[in-house]
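> Pasted the sequence and its predicted model underneath.
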Amino acid sequence: MTARPIAVVGASAAGLAAAETLRRSGWRGPLTLIGEESHLPYDRPPLSKQLLHGAWEPEKLRLRTEEQLAPLDLDLRLGTRATGLDVATRTLTLDGTERLACAGIVIATGVAARTLPGADRLTGVHTLRTLDDALALRDRLINGGTPASEGVAGGGGPRQLVIVGNGVLGCEAAAVARELGHEVTVVGIEETPMAAAVGTDVGTLLAEEHRARGVRLLTGAVDGFDSTPADPADGSGPQVTAVRLADGGTPGSRLPADTVLVAIGSRPAVDWLTDPALDTTDGLRCDAYCAAAPGIYAAGDVARWNHPAHGRPLRFEHRMNATEQGMAAARNLLAELAADGPTGTEDGTPAQERRPFAPVPYFWSDQYDLKIQAYGLTAGADRVETPVRDRAGRRILALYGREGRAVGVLAAGLPPRQIRALRAVVADPLPWEEARERIAAATAAG
Ligand SMILES: Cc1cc2nc3c(=O)[nH]c(=O)nc-3n(C[C@H](O)[C@H](O)[C@H](O)COP(=O)(O)OP(=O)(O)OC[C@H]3O[C@@H](n4cnc5c(N)ncnc54)[C@H](O)[C@@H]3O)c2cc1C
C-alpha cells in the first residue's frame with residue numbers, strides 16, 4: 001500500500017514554511033504542496049511596495065527557485081484548488097474531482113481580497129492580493145495601461161487614482177502612486193488612516209504625512225462606480241469613470257477616477273471547508289497547537305488560534321507570523337502523528353512534544369521613507385499612549401493596552417536598537433505602569 005502523504009494546502013509563505021519544516025523535522029513520506037496560483041511561492045509584502053513601484057521585477061519576490069525546492073522532493077501541485085475536505089478521513093478533494101487521502105494536512109490558504117459589487121466587470125478597477133493583481137495595477141500606473149513592451153514608465157501620464165479603503169494596503173499603495181506622480185484620493189471609513197490597526201494617534205500622524213505628499217484623504221463609504229458604456233464596436237468593456245460616495249457630508253457626490261484600487265480588507269479563504277467538524281468563523285479556528293481537528297492543522301493568515309499569552313483566539317495577517325506559524329503547525333502535526341504510531345519519520349529522530357504557538361506578533365509597513373514597525377497587539381486596544389510624537393522629526397512611539405496590561409508597541413523613526421528593545425516590553429503582557437517605565441528606559445538609552 002502506498003504511504004499516505006502529508007498535504008499542505010496553500011503554496012505561499014505559511015505553506016512553504018510548513019513543507020520545509022516537515023522535511024527538516026524528518027518526514028520522509030510523500031509530501032504534496034497544493035497551490036491555486038500558478039506561480040512558485042512568492043512574497044506578498046513587496047506587491048504594494050517595490051513591485052508596484054516598478055523597482056523590483058516578479059523574480060525578486062520568489063521565495064524559492066525550482067532548484068531550491070528540488071531537495072524537498074515535493075509533489076508540487078500548482079494551479080490546483082482544494083475544493084473539499086472530509087475531516088474524519090483526512091481526505092482532500094482537488095479541483096472538484098480528485099480525492100487525496102492524507103496522513104495529515106496543513107491548511108495555509110491565506111485570505112482573499114474583498115471587493116465591491118460591480119467592480120469585477122469594470123476596466124480600471126483593481127484589487128491587490130496576488131502577483132497578477134499587482135502586475136495589472138502596475139501596468140496601469142506605470143505604462144498607462146499599455147503592455148510593458150509598448151510603453152515607457154509613466155507614458156500614460158498621471159492617473160486619477162481613487163483608493164477605496166484607508167487601511168494598511170490602501171495607505172501603502174497611495175504612497176507608491178504619489179511617488180509615481182499620480183493624482184491620489186483615498187476614501188475610507190476609518191476616522192484616520194489605519195485607525196483600526198494602529199489607533200487614531202498614529203493615524204493622525206500618517207494623515208499628516210500623506211497630506212504633505214499631496215494625497216487627498218476623505219472619510220466616507222463608497223456605494224458604487226460610474227462607468228462608460230461597453231463598446232461593442234471594439235469589444236471593450238465598460239471603463240470606470242467615478243467612484244460614488246454613499247455619504248461623507250456630500251450625499252450623492254462622485255470622485256472622478258480612471259483607476260480605482262479597492263482595498264477594503266480581506267476574507268479568510270475557508271469557503272472550501274464545509275465539513276461541520278470545522279469552525280470557520282473568521283478564519284479556521286484552531287487550538288493553541290494550531291490544530292483544527294485531529295491530524296489537521298492551520299497556519300498563516302487563515303488560522304485563528306488560541307494565543308496562550310493573550311488568552312483568546314487571534315488571527316494575524318502578518319508576514320512573519322505566516323512563516324513562524326507554518327513551522328509550528330508542521331512540528332505539531334509531526335508530533336501528533338508520531339504519538340499516534342509509526343510514521344514516515346522513522347529515522348531515529350525522537351518524537352517532539354507538541355508545543356503551544358505563542359509568538360510575539362510583528363508587522364511592518366513602509367509608506368514613503370517611513371518604516372512603521374509594531375510588536376504585540378495594536379488593534380483592539382482600550383488604551384493608547386504616545387510617549388514620543390514628533391511630527392517634524394517624523395518619530396513616533398505608541399504603547400497599546402488592554403485590560404490593564406500593555407499588549408502592543410509601535411514605532412517609526414527610532415533607532416533600530418531602541419525598536420528591538422521594545423519587543424521585550426510586550427513579549428508577555430506586562431502591567432501598564434511597568435511597561436511604561438520599561439519603555440521610558442528603552443528610549444532613554446539612546
Ligand atoms: C499587498 C500586500 C502587502 C503586504 N504587506 C505586508 C507588510 O508590509 N508587512 C506584513 O507583516 N505583512 C504584509 N502583508 C501580509 C503578508 O503578505 C501575509 O501575512 C502573508 O502573505 C500570509 O501568508 P499565507 O501563506 O498565510 O497566505 P497567502 O500568502 O495569502 O497564501 C495563501 C495561498 O493559498 C492559495 N489558496 C487559497 N485557497 C486555496 C485552495 N482552496 N486551494 C489551493 N490553494 C489555495 C492562495 O492562492 C495563496 O497562494 C501584505 C500582504 C499583501 C497582499
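Great, that's in hand. If you're wondering where the values come from, they're calculated on a predicted model, not measured in any experiment.

> wait, does the lengthiest helix in the chain make contact with the ligand?
The longest helix of the chain (DSSP state H) is helix 319-340. Yes. Applying Cβ under 6 Å from any ligand atom, one finds that helix 319-340 is in contact with the ligand at 319, 322. Yep, even glycine has a C-beta here, placed from its N, CA and C like the rest.

> how about that helix: buried residues?
Using 16 or more other Cβ atoms under 10 Å as the test for burial, helix 319-340 gives 319-338.

> Same check on stretch 275-292?
Buried, per 16+ other Cβ under 10 Å, within stretch 275-292: 278-280, 283-292.

> Sitting in helices, which of these do you find?
Going by DSSP H, the helices hold none of those.

> which one is the residue of the stretch 151-300 of the chain found nearest the ligand nearest to, not counting chain neighbours?
Relative to the ligand, the nearest point of the stretch 151-300 of the chain is residue 300 (2.1 Å; Cβ to the nearest ligand atom). Closest residue in space to residue 300, ignoring its immediate chain neighbours: residue 14 at 2.8 Å, by Cβ to Cβ, 6 or more residues apart in numbering.

> Doesn't that neighbour belong to a helix?
Yes. If the criterion is DSSP: H, G, I helix; E, B strand; the rest coil, then residue 14 is within a helix.

> give me every residue that touches the residue nearest the centre of the chain.
Centroid-nearest residue in the chain: residue 317, 4.1 Å away (criterion: Cα atoms, centre = their mean). Residue 317 makes contact with 111, 266, 301, according to Cβ atoms under 8 Å, 6 or more residues apart in numbering.

> Of those, just say which sits nearest to residue 434.
Within the contacts of residue 317, proximity to residue 434 (Cβ to Cβ) peaks at residue 301, which comes in at 32.3 Å.

> Does the closest one touch residue 111 like I think?
Yes. Using Cβ atoms under 8 Å, residue 301 is in contact with residue 111, at 4.6 Å.

> Settle it for me: which of these two has more neighbours?
residue 301 (28 against 18; other Cβ atoms under 10 Å).

> need the contact list for that one.
So residue 301 contacts 14, 110, 111, 266, 268, 283, 315, 316, 317, 322 (Cβ under 8 Å, 6+ apart).

> Now do the buried residues in stretch 204-211.
Buried-residue list, stretch 204-211, by 16+ other Cβ under 10 Å: 204, 205, 206, 207, 209, 210.

> now residue 334, nearest residue through space, not along the chain?
residue 25 (5.3 Å).

> got the residues of the stretch 251-400 of the chain near the ligand?
The stretch 251-400 of the chain has residues 269, 272, 300, 301, 317, 318, 319, 322, 363, 364, 365 near the ligand, with proximity defined as Cβ under 6 Å from any ligand atom.

> Around residue 376, how many other residues sit close by?
26.

> hey, what's it bridged with?
With DSSP bridges as the criterion, residue 376 is bridged to residue 408.

> Verify the contact between it and residue 405 for me.
No. Residue 376 is beyond contact range of residue 405, at 10.2 Å (criterion: Cβ under 8 Å).

> Mind listing the shared neighbours of those two?
residue 429.

> mind checking the end-to-end distance for stretch 241-258?
End-to-end distance for stretch 241-258: 5 Å, by Cα to Cα, to the nearest Å.

> do the same with stretch 263-271
For stretch 263-271, the first and last residues are 20 Å from each other (Cα to Cα).

> hmm, who's touching it?
10, 109-116, 127-129, 163-165, 167, 169-170, 173, 188, 280, 282-284, 301-302, 304, 315, 317.

> and that stretch, which residues are buried?
263, 264, 266, 268, 269, 270.

> okay, now residue 316: neighbour count?
23.

> Shouldn't it be within a helix?
No. Residue 316: not assigned to a helix; according to three-state DSSP it is coil.

> Residue 124 against residue 259, yeah?
Yes. Under the criterion of Cβ under 8 Å, residue 124 makes contact with residue 259 at 5.1 Å.
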